[in-house]
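Visitor: Generate coordinates for the sequence data below:
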Amino acid sequence: MLIRSAPGTGPALPELHHRLRWLLVVVAVAFLILVGRLWQLQVVRGDQYLEEALSNVVQKRFISSVRGKILDRAGRPLATNRPAFNIYVSPDHFADAVPELVRLLGLSADEQAEMQDNMDDARKRRARAPVLLLSDQGAERVTLVEQASYRMPGVGVRYVPYRDYPYGSLASHVIGYMNKMQPKEYEKYRPLGYDEDELIGRDGIESKLENELRGKKGEERFVVNARGQRVEGAEATRLIDGPAFTEPVAGHDVVLTLDLELQKAAERAVRNLPAAGVVVVEVRTGRILAMVSKPSPDSNIMTGRLTAARKAELDADPRQPFVDKTLQQHYPPGSVYKFVTAIAGLDDDVITPDEIQTCPGSYEVSRQVFHCTSAHGKMDMRHALQRSCNVYFWKLAEKVGMDRMADVAFDFGFGHPTGLGLNGDLPGRVPTKDWYRQHGDSRIGNTLNMATGQGDVEVTVVQVAMAYAALANGGDLYVPQIIRQVQDGSGEVLFSYAPKLRHHVHASPEALQVVHEGMDMVVNQPGGTAYKYARSDFVHFAGKTGTAEVRGRRHRRNVDIDGWHPYGNHAWFVGYAPAEDPEIAVAVLVEHGGHGGKVAAPVARDIFEAYFRDVKPAYDKAMAEKKGAAK
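Guide: Numbering: from 1, shown residues only. Coordinates of the predicted model:
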């Protein structure tokens, strides 16, 4: 029997087969794509996605190491640590947690601005870990946050050791301070294991010895749930790959050459002066015992507490409190520089110590008149130093010449960095004939100005202190030293720094002796420029006063801070004691302070007396007791 297909159905079957084939192709392609995608997710990027998945539940936090202490030469702390608390928030919970924190803690405008800056930084770097919002919070605030934690998911409190400076602004330019890294800095420090929110040393020792002081952070890894709350137990522990806890390693302690009590005495000596720089140095070692730059900011305020308003106030202060006046600023030395001219003249035999020059009160060169402080009459070298006669040294400079004076100045360390390696350490300037030729300056008065430390001569307070230490010890010019040793927490010395001799100056003992005698007369004989204001019945010291004129005095600014004007003369005194067998040298600069003998010399006298009356006996006794206990 013949079976026929229904009308119209014959051609449909091949079309159906054709469509089924395309459908199978599409299904196969989709299946291959799905398999390829699964292979990519699970094989090619499996580790990456697993790590990202785990990072949502397994979090890590750094455990701050205890920063090493900064100690004075007797082991007394100048920078140490105290307990503090930081508040962190998970980036996913910024929107909910921040308004609640503002309300709960009653945050000030500055604190809210700090939080906003921290959040902005976190968003820029796409932070996933908890972000530091508020640092150094007190116990009362921490209690409030912990009590309200149930309604603030993602908020956490961490204990951290926080930097503390027991004496605030004391020696703050030497010690330095700490603050948070900038984003560009973090790129530099991240390979060294620094956290984004970590504070780093700024200025002074905190910056110079950052690696030694910092130590090594620890790390803790833990599991959190969707609310950001910590989860404990075996199942949580299983998700953590590797050690859950790594102990931090404390930083090393740094022992300075500074003496805390002498530093206090030096700062007391300038307490009534608006702006000053002081350096006290051991003449036979180059070790700095005190170093003052005034005004100076409080290191505690600079470390995490500097408000925008306070920073603007400090920036606007014309006395420049951020500038270290002993190293980062140079000044014309005035008459404290005259020893350079004296030694050049004596050692070149162009003058003898007893040769007389007459000072009529002025000196004319090529119809240009230079005025002395008074008409001193007949002067030999010692009396010219005693009474600081400019005419005597102007006449001597014409015989000696500019380049010879420059040679002596370079020999005593001027015109080059001292080698202290702290806060910039400017080289200053000692002009020569060639220097003036390069600057197109051929004025007749340049040589005369150089003889009395004026014109283009520029020095730092540390340079002058080291030069006078060399005068006092017979000609050994040392590299100034501020770091004595680095030790671990138990006091074991890891490495120490011995005194370093730069060179022996090319000054004859006879020339040095004449200068000593003149400087003794400056302080201890009537007519000396420091005799009336600074002679001491307690300690016999010698030195030289200086009153350095300031360039640009005609362009006066209307500024008066406690009698301080940015156009007044700089007051200098530099000396050493005891005069007969020097132990320490003191350099004092009172910025725009006026007459050196009247203003700067009494400061040095107070420091000398404090050292020999109180500081040295107490230190010697403490060291003797320490040695006895060690035996």
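Visitor: and residue 522, how many neighbours does it have?
Guide: Using other CB atoms under 10 Å, residue 522 has 29 other residues around it. C-betas here are computed from N, CA, C, even on glycine.
Visitor: host element of it?
Guide: helix 509-524 (DSSP states H and E).
Visitor: And for whatever helix or strand comes next after that helix, what's in contact with it?
Guide: Using DSSP H and E, the helix or strand that directly follows helix 509-524 along the chain is helix 531-534. By CB atoms under 8 Å, 6 or more residues apart in numbering, the residues outside helix 531-534 that reach it are 522, 523, 524, 525, 573, 597, 598, 601, 602, 604, 605.
Visitor: Mind doing that once more with 10 Å?
Guide: 386, 521-526, 528, 541, 543, 545, 573, 575, 595-606, 608 (CB atoms under 10 Å, 6 or more residues apart in numbering).
Visitor: Please spell out the ChimeraX selection for the buried subset of the residues you listed.
Guide: In ChimeraX, a selection of the buried entries from the contacts of helix 531-534 looks like this (16 or more other CB atoms under 10 Å):
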select :386,521,522,523,524,528,541,543,545,573,575,595,596,597,598,599,600,601,602,603,604,605,606,608
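Visitor: re the thing from before, what mean pLDDT does the helix holding residue 522 have?
Guide: Across helix 509-524, pLDDT averages out at 98.
Visitor: and residue 24, how many residues sit next to it?
Guide: Neighbourhood size, residue 24 [other CB under 10 Å]: 10.
Visitor: Which helix or strand contains it?
Guide: Assigned by DSSP H and E, residue 24 falls in helix 12-39.
Visitor: for residue 494, same thing?
Guide: Element membership for residue 494, per DSSP H and E: strand 493-496.
Visitor: Wait, residue 283 touches residue 480, no?
Guide: No: using CB atoms under 10 Å, residue 283 makes no contact with residue 480, being 11.6 Å away.
Visitor: ok, residue 72 touching residue 288?
Guide: No: between residue 72 and residue 288 there is no contact under CB under 10 Å: 11.4 Å.
Visitor: Which parts of the stretch 401-550 of the chain are strands?
Guide: Assigned by DSSP state E, counting those that start in this stretch, the strands in the stretch 401-550 of the chain fall at 476-479, 483-487, 493-496, 500-504, 542-548.
Visitor: Report the angle between the longest one and helix 509-524.
Guide: Interaxial angle of strand 542-548 relative to helix 509-524 (axes from the mean of the first three to the mean of the last three CA atoms, to 10 degrees): 70 degrees.
Visitor: any idea how this protein splits into domains?
Guide: 58-220+228-240, 260-310+323-630 (automatic domain parsing).
Visitor: start to end distance for the last one?
Guide: Using CA to CA, to the nearest Å, the end-to-end distance of domain 260-310+323-630 comes to 23 Å.
Visitor: and that domain, how far from the chain's centre?
Guide: Centre-to-centre, domain 260-310+323-630 and its host chain are 22 Å apart (CA atoms, centre = their mean, to the nearest Å).
Visitor: go on, stretch 313-327?
Guide: 13 Å.
Visitor: what residues are shared contacts of residue 72 and residue 288?
Guide: Common contacts of residue 72 and residue 288, defined by CB under 10 Å, 6+ apart, comprise 256, 257, 258, 259.
Visitor: what's the pLDDT at the second one?
Guide: This points to residue 257. For residue 257, pLDDT reads 98.
Visitor: Skipping adjacent residues, who's closest to it in space?
Guide: Closest residue to residue 257 apart from its sequence neighbours, by CB to CB, 6 or more residues apart in numbering: residue 287 at 4.0 Å.
Visitor: And the pLDDT for that neighbour?
Guide: pLDDT, residue 287: 98.
Visitor: OK, contacts around residue 73?
Guide: Each residue near residue 73 by CB under 10 Å, 6+ apart is listed here: 255-260, 262, 287, 289, 484-485, 619, 623.
Visitor: ok so, going back, show me what the helix holding residue 522 is packed against.
Guide: Applying 3 or more CB pairs under 10 Å, 6 or more residues apart in numbering; DSSP states H and E, one finds that helix 509-524 contacts helix 338-347, helix 381-387, helix 461-473, helix 531-534, strand 542-548, strand 570-577, helix 601-610.
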